[in-house]
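K.L.:
pasting the structure only:
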């Protein structure tokens, strides 16, 4: 097991050093669009506390991430009306983890539309901003 690396991109985003397409934030969690989305509305939810993976995550942060994931997923459902919702979480390089700060993927699924590759292609920034606005609006509508 590696020690948590506070220079990872998510740690920098949480410190405000790198911009992100924020959709939700509370005192324990932060949710943002994946800039290399597998589908429209693909969002990441992460704890603000440092945790490399599931095994490093403290119980209070785990609870907070699940509750925020559920809240954001409901907003994505309202904003995009996907046919289904895939939740993913990777632990370690062999499992596909590319950023070593625990995070949940909320991936909307649409009938007859294959997923784009994980961590492959950057999405258009204007499209991401429109998608973030739709999710934020849905969160406001359900608040």
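P.N.:
Here it is on my side, so go on. On a predicted model such as this, the values are computed, not experimentally measured, just so you know.
K.L.:
quick one: which helix or strand includes the closest residue to residue 18 other than its chain neighbours?
P.N.:
When the adjacent residues along the chain are set aside, residue 18 lies closest to residue 12, with 4.6 Å between them (C-beta to C-beta, 6 or more residues apart in numbering). To be clear about C-beta, it is placed using only N, CA and C from the backbone, and glycine gets the same treatment. Applying DSSP states H and E as the criterion places residue 12 in helix 9-14.
K.L.:
the helices in this protein, which residues?
P.N.:
9-14, 59-80, 125-142 (DSSP state H).
K.L.:
Between the ones you listed, which one is closest to residue 99.
P.N.:
helix 9-14 (5.4 Å; C-beta to C-beta).
K.L.:
and the spatially most central residue of the chain, what is it in contact with?
P.N.:
Nearest residue to the geometric centre of the chain (C-alpha atoms, centre = their mean): residue 44, 0.2 Å. Contacts for residue 44 (C-beta atoms under 8 Å, 6 or more residues apart in numbering) come out as 31, 32, 33, 34, 103, 104, 105, 106.
K.L.:
Count the neighbours of the closest residue in space to residue 34 that isn't next to it in sequence for me.
P.N.:
Take residue 34 and drop its neighbours on the chain: the residue closest to it by C-beta to C-beta, 6+ apart is residue 42, 4.4 Å away. The number of residues packed near residue 42 is 24, by other C-beta atoms under 10 Å.
K.L.:
Could you number the chain from 51 rather than 1 from now on?
P.N.:
Fine by me, first position is 51 from now on; the one you just mentioned is residue 92.
K.L.:
Now for the closest residue to the residue nearest to the centre of the chain other than its chain neighbours, how many residues are close by?
P.N.:
Leaving aside its sequence neighbours, residue 94 sits nearest to residue 153 (C-beta to C-beta, 6+ apart; 4.8 Å). Residues lying near residue 153 (other C-beta under 10 Å) number 25.
K.L.:
cool, and residue 103?
P.N.:
The number of residues near residue 103, taken as other C-beta under 10 Å, comes to 19.
K.L.:
same thing with residue 184?
P.N.:
Residues near residue 184, counting by other C-beta under 10 Å, number 18.
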